[in-house]
Every structure is written in C-alpha cells, then in structure tokens.
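Peer 1: could you look at this predicted model? Sequence included:
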Amino acid sequence: MTRGIGLYVHIPFCASRCPYCDFATAPATTALRSRYLEALRREIAREGHLLGRPRVRTLFFGGGTPSLLEPAEIVMLGDALRDAFVLRPREVTLEANPATLDRARLDAWLALGLTRLSLGAQSFDPRGLRALGRTHQPEDSAAAVGVARDAGLDLNLDVIFGWPGQTIAGWERDLETAVALNPDHISCYPLELRLDPEASVPNWPGGGWPVLERWRVAAAAAQPGDAGLAGMYRLAERMLARAGYRHYEIANWARRGKRCLHNLGYWRDRDWLGVGAGAHTHLAGARSANPSELRAYILRANSGSERVVDAEADPPSEAAMLALRLDSGLDLGRYAARFGDAATTRVRSALREVEPAHLVRVEDRHARLTARGRLLANEVFVRLLP
C-alpha cells in the first residue's frame, strides 16, 4: 500500500428514484439514514485499521446523490476519513444533482478538500429530463455550473444519449449546450436499461420491481435503434474533438490535464477501496463488493464481517478489458510481466480474432481499440473472457 489507494465512498440517498438507474440507491428520507451513516463510519474505521492507515491518493463520493448530505453529516464523514486514513488526495470528486447544491453544503464539502464536481445534468432538453424521470430543470444545471466555478472547482458534466424519443438533432443541441458551459470534462453514456431485478429494489417503497420493469420495457421500445445510437456516439466524438476535448476513455472526454484521476485508477487496475452499500473493492488483485440492500449492508458493516472475495473474477481478463477502454490501450509487455506468457498469448489470440473487423489495432507491444472498436467494444471484451 506504499503507493496509496483510491477510495470510493457510496452515499445512496436520492430525493427520488430515476427509473433507469441500477446503482445502489435509497430514499433520502429513509428511516435507515442515520443507521446507514453510522454503519459507514464503522466500516471506514475498520478498513483503515486493517489496511494500516494507507494514504488516499484519490477520493470519490458517489451515489445516489451525495450532495444531499447535510453539513453536519459531511463533517462527521470527514472526521471518520481523517481518523482512518492518511488523507492527502490529489483529487476529491463529488457527484451532485444540479438541484441539490446549496452554499452551506458546498462549504462543508470544500472543508473536506473537494476539488472536482461531477454534475448529473443528463440532458438540457425538458423532454429528455422528463423521459429520464429526472426532477431538475435545464436551468438548474447552468446555475450549478456557476456555483462550481465560483468555488474554483474542476467540473465534469454527465450527459445521457439515446433516451426515448431523442433525435440526432436533439442530441446535437445537448452537446452544444454542454460545450457552451465550458466544463473541464464531459462523460457521455448511452441509456442502458437493465431488465432483471436489482438488489437495491427493496430499499424503495412502492411497486417494487414490476413497476420499474414496465417502465424500462416501454422506454427500451421507444429508444433510437442501434444505428441511431451509433450515430449519436460518432457525433459526440466529432463535436467534442472540435471543441478541444481529448477522447481518453470510451465514454469520457477531457481538456488537457483534466482527466479523472480516480477513474483512471480503475481503468489502470490499481488498488482501490470501496465503502458503503454496493461499493466494490480491488486490493492486491482480489475483488469484492458490499451488499446493495441497506439493511443487509448495515448488518454486515456492524458485524465486522470480512470481505467476501469474488472467486469468479479473472484478474488477467479484467486488466486487459480495463486497459483497452483507454486511448493509451494495453501495453502487452507490461501485461506479460504481470500475468505471464500464457495469459498474454491468450489475449493476443483473442485480439487477432477481431483485427480483421477493424475493431482493434495491435502494433508490436501495444493494442488499442479503433474508432469502430470503441463503438463495438463489447465485441472485443467478450473474447477476452476465459
């Protein structure tokens, strides 16, 4: 742990449920909120002790909507983190809903060391926000950008394409609006609708999975087809390149020097610790995950149970897939030094299968996805699985 770790802290609370979201979330008003935060404090303390109080290189607060925490809750969280870790991160990111960023909360996050805001704009079209079940309005995003800039923060905008009824022209307008706000970083994600029950469904009152399933089936039927989604992705590549953004990862573009350091740690297969419901961990080559259901998470955190390692994970395959997501690609020489000749031979063989389709380019010891390969990355990744 001498190089330090990335630390991800999951805050599941949301003002309302976005019907497309499959992350571990729960109502902000849940009766379990205080118990969750106490369990999170316990987990932070225990993990810091077990790992020997490592240095945190990057810190990321995700959710959920962590910007919904009250100032006193943010202070408690900061105290727990400072007690458990050597907290000298190069980057501290907070995910935020555009409508939940007020000055008192922001000041508390700044006191914790916040350097970067990731704003869930998703769309700047009122129809898009309604189609996605979002509760904020387009003007909220511009106001939140102003608050972030006044505070001196780096800024990412998350936007979604392929929502029901969206056209190429509408997506172009969204991209123009995003670029006009001049963020340091832009993440563009296609709307993906999981059609099997997820572990966080019990966290929410109401109709449970059947209601979500009906919404997702209807939304999927009204989405643009594969050709439409491909056209939208290529449009984003062209427009963002013209605006000076480097396409450094399949779904991420950044100004010079503004790539997300925390997420680069994931893609470069470095060590990170995830705390909170549904959070994933990768330490010393082993992967594990916390329960997504709040009661199950609280029980596990309070019991002090050891992490359950994912025995089905395949580190060589995962490392190859993660590296190929980046524009720098996979260094096969370093890969061989880490995983051995047999794993490297298997990867080279898999990549040769897709070279004729122009999905990947292999030059000496480097492999990179082509522009077509970024669009069809899963066709490459599936061949890397054992």
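Peer 2: Cool, the structure landed.

Peer 1: pull out the buried residues from the strand or helix carrying R214.
Peer 2: Assigned by DSSP states H and E, R214 belongs to helix 209-222. Within helix 209-222, the residues that count as buried by 16 or more other Cβ atoms under 10 Å are 212-213, 216, 219. Bear in mind the C-beta positions are built from the backbone N, C-alpha and C, glycine included.

Peer 1: just stretch 51-65 next, same as before
Peer 2: Within stretch 51-65, the residues scored as buried using 16+ other Cβ under 10 Å are 54, 56-65.

Peer 1: and which of those is nearest to N252?
Peer 2: F60 (14.0 Å; Cβ to Cβ).

Peer 1: quick one: the closest one and G6 touch, right?
Peer 2: Yes: assessed by Cβ atoms under 8 Å, F60 is found in contact with G6 at 7.2 Å.

Peer 1: anything in contact with each of these two?
Peer 2: H262 (Cβ atoms under 8 Å, 6 or more residues apart in numbering).

Peer 1: give me the neighbour count for A286.
Peer 2: 13 (other Cβ atoms under 10 Å).

Peer 1: which strand residues bridge the closest residue to it other than its chain neighbours?
Peer 2: Spatially, and ignoring its direct neighbours in sequence, A286 is nearest to V309 (4.8 Å; Cβ to Cβ, 6 or more residues apart in numbering). Here V309 shows beta-bridge partners S288, assigned using DSSP bridges.

Peer 1: list the contacts of V309.
Peer 2: Residues in contact with V309 (Cβ under 8 Å, 6+ apart) are 286-288.

Peer 1: what does Y189 give?
Peer 2: Counting by Cβ under 8 Å, 6+ apart, Y189 has contacts 158-161, 251.

Peer 1: narrow those residues to those in strands?
Peer 2: Judged by DSSP state E, these include 158-161 as members of strands.

Peer 1: out of those, who's nearest N263?
Peer 2: Taking Cβ to Cβ as the measure, N263 sits nearest to D158 out of the ones in strands among the contacts of Y189, at 12.2 Å.

Peer 1: next, E249: phi, psi?
Peer 2: Main-chain torsions, E249, degrees, to the nearest 10: phi -150, psi 160.

Peer 1: so what pLDDT did it get?
Peer 2: pLDDT for E249: 98.

Peer 1: can you start the count at 41 instead of 1 from here on
Peer 2: Okay, using 41 as the starting number, the last item reads as E289.

Peer 1: what about the chain, any weak spots by pLDDT?
Peer 2: 41-42 (pLDDT under 70).

Peer 1: longest strand of it?
Peer 2: The chain, longest strand under DSSP E: strand 126-136.

Peer 1: buried residues in the following helix or strand past it?
Peer 2: Proceeding N to C from strand 126-136, the next assigned helix or strand is helix 143-151, under DSSP H and E. Residues of helix 143-151 classed as buried by neighbour count (16+ other Cβ under 10 Å): 145-146, 148-150.

Peer 1: nearest to S181, of these?
Peer 2: Using Cβ to Cβ, the buried residues of helix 143-151 come closest to S181 at L146, 15.5 Å.

Peer 1: wait, isn't A341 in contact with A79?
Peer 2: Yes: the criterion here is Cβ under 8 Å, and A341 meets it with A79 at 3.8 Å.

Peer 1: hang on, the earlier thing: any chance of JSON lines for the buried residues of helix 249-262, columns distance to A336?
Peer 2: Output for the buried residues of helix 249-262, formatted as JSON lines (distance: Cβ to Cβ, whole Å):
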{"residue": "L252", "distance to A336": "19"}
{"residue": "E253", "distance to A336": "22"}
{"residue": "R256", "distance to A336": "24"}
{"residue": "A259", "distance to A336": "28"}
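
Peer 1: which stretches in the stretch 241-390 of the chain count as helices?
Peer 2: 249-262, 266-282, 301-307, 334-343, 355-364, 372-379, 381-394 (DSSP state H, counting those that start in this stretch).

Peer 1: how about those helices in a markdown table, adding distance to P178?
Peer 2: Converted to a markdown table, these look like this (distance: least, Cβ to Cβ, whole Å):
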| stretch | distance to P178 |
| --- | --- |
| helix 249-262 | 20 |
| helix 266-282 | 19 |
| helix 301-307 | 26 |
| helix 334-343 | 32 |
| helix 355-364 | 34 |
| helix 372-379 | 44 |
| helix 381-394 | 40 |
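
Peer 1: for V315, which of these is the nearest?
Peer 2: Each of the helices of the stretch 241-390 of the chain was scored for nearness to V315 using Cβ to Cβ, and the closest is helix 334-343 (8.6 Å).

Peer 1: may I see the buried residues of that closest one?
Peer 2: 334, 337-338, 340-341.
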